[in-house]
Every structure is written in C-alpha cells, then in structure tokens.
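> Just a sequence and a predicted model for now, questions to come.
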Amino acid sequence: METTPNPITDAITAFYSAFQRKDWAAMAAMYHPEAQFQDGAFQLTSGKEVGAMWEMLIKSGKDLEMTFSEVRGGGHSGSARWDAWYTFSKTGRKVHNIIRAEIEFKDGLIYRHRDHFNFWRWSRQALGLSGWLLGWSNFLQNKVRQTAMHNLQKFMTQG
C-alpha cells in the first residue's frame, strides 16, 4: 500500500533528522525569516535568532543526544515528540527532557515553533534542590529565561 507524501511530516522529519546529526545550519535554513520560537527558556522573534539558538545549543551540548517520534501533520501545521539527553553545563547534572513540539509553516518554512515541556521536571534534573523547591515558580522560570536570552545575545555578538 502506497502512502501519500505529506510535506508537513516530511519537513518535520527532515528538521529533527538534521538535529540528530547536529546540523544546526540545516535546521536554521528551515525557518522563515519572521519565525517565532517559544519554550520554557526562549521567546524568539526572528529566524536569525532561532537559528543562532540551535547553533548555540548544539555547539555547547557536548554530550547532547536526541530522538524524535510521533510526527504528525496536515494542512499548514504539525507536531512531534522529541527527547533530549544532555549534561546541563551550569551544574554538571544529567537531564532527560521530554518535549512536545507544535510547528506551523508559511511559504514552506517553519513560521511558529512552540516546544512544551514540564519546566518543574526539567528544573529538578538540571538544577537539583533549587529546581525542586522553586521550579514551579515564575521567579525561577523568569530567571532561566533571562539567563538563556543573555547567553544567546552574547553568543550572537561573538559569532
């Protein structure tokens, strides 16, 4: 039985396959210039920023491993689950993050990308006791966002 090609699931599969290869340039090329990205650490408003984020994360994630599954799509949007295993550089703690991605396309490129994960679960793994105690709070979430954005801006100016 033949399956009908689905450009949305094909694009999502290509994106996460590039991620598995740690090919940040291929990932960045898949974003629309006006792309927006949002997750627990970043709120980005341009394809340039999003591409730089993936480059920074891949280059700094020396032991980063990831898998993806549950790719779905139709129309102009799709979704996937992806799992990441890495050592959080600030604490040296091992993290296994489970992420649900929602992706919208425009002109054949990623236009809106939202990654959802359990921030408290992540913070307990990445930060230890402080994550356990404060991972549910807006205070810690805002601190993580501020630090992530500072690191990205620094990375982009040094690039």
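Right, received. Where do you want to start? Numbering: from 1, shown residues only.

> for this protein, longest strand please?
In the chain, taking DSSP state E as the definition, the longest strand is strand 93-106.

> So what are the sheet partners of that strand and their directions?
In its sheet, strand 93-106 lies beside strand 77-88 (antiparallel), strand 109-116 (antiparallel), with partners assigned from DSSP bridges.

> And it, what's buried?
The neighbour-count check on strand 93-106 (16 or more other CB atoms under 10 Å) flags 95, 97, 99, 101, 103, 104, 105 as buried. C-beta here means a position set from N, CA and C on the backbone, and glycine is covered the same way.

> in the chain, which helix or strand is least confident?
The helix or strand of the chain with the poorest confidence is helix 129-134; it has a mean of 86 (mean pLDDT, DSSP states H and E).

> mind listing the strands in this structure by residue range?
All strands of the chain, identified by DSSP E, fall at 31-38, 43-44, 65-74, 77-88, 93-106, 109-116.

> Among the strands paired with strand 93-106, which comes closest to residue 134?
With CB to CB as the measure, strand 77-88 is the member of the strands paired with strand 93-106 nearest residue 134 (15.5 Å).
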